[in-house]
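could you work out the structure for the sequence below:
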Amino acid sequence: MAVHSIGVDITEIERINDLINRYGNRFLKRVFTDKEIEYCNKKATAASSYAARFATKEAVFKATGLGLNQGMSWRDIEVLNDQNGKPFIKLSGITKEKLNSKKIHLSLSHSKGHAISMVVVDE
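Numbers count the residues shown, from 1 in each chain. As a prediction, the model looks like this:
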C-alpha cells in the first residue's frame, strides 16, 4: 500500500493537565470519548495518557488536511488499545467518512514533559 498522508503532533503534558484542572469534565467530555476517559483515569499518570491521545487527534487532523473547521470532531477520533496494549484508532462521523477506505497506523509515546503521536494513512 502507498502512503496517502502523515500527521505528527507533540503536546505538552502540563498544558493538558492544566486544562483538566481548569475545566474538568467539560474539557474531557468535549475532547475524549467515554472509553478514553475510563482508560486514562486508570493510569497513575493520567495527564500523560490524555496528552498522547490529544496529540493523536491533532495528528489525524493534520493527516487529513482538514480539521475542526471542516466539520471534524475531537470525539470522531478514538484511541483504543488492543488486547496486547497496542494503541489503534477507531473513527466515527465525518472523520470516518473522509478516511473510510484508508488504513491508519499509529505510534505514540511520552516522556516526562511531552507526548508525541505519529499517524500514517495508507491508500
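
run the chain-centre distance for the longest helix anywhere in the chain.
The longest helix of the chain (DSSP state H) is helix 46-64. From the chain centre to the centre of helix 46-64 is a distance of 3 Å (C-alpha atoms, centre = their mean, to the nearest Å).

next SSE downstream of that helix?
Using DSSP states H and E, the helix or strand that follows helix 46-64 in sequence is strand 77-81.

what lies in contact with that following strand?
When contacts are defined by C-beta atoms under 8 Å, 6 or more residues apart in numbering, strand 77-81 is touched by residues 33, 35-36, 39, 52-53, 56-57, 60, 87-92, 95, 106, 108. C-beta: built from backbone N, CA, C; applies to glycine.

drop anything exposed from those residues.
33, 36, 39, 52-53, 56-57, 60, 87, 89, 91, 95, 106, 108 (16 or more other C-beta atoms under 10 Å).

what's the helix or strand of the chain at the bottom of the mean pLDDT ranking packed up against?
Lowest on mean pLDDT, DSSP states H and E among the helices and strands of the chain sits helix 93-99, with a mean of 85. Packing partners of helix 93-99 (3 or more C-beta pairs under 8 Å, 6 or more residues apart in numbering; DSSP states H and E): helix 46-64.
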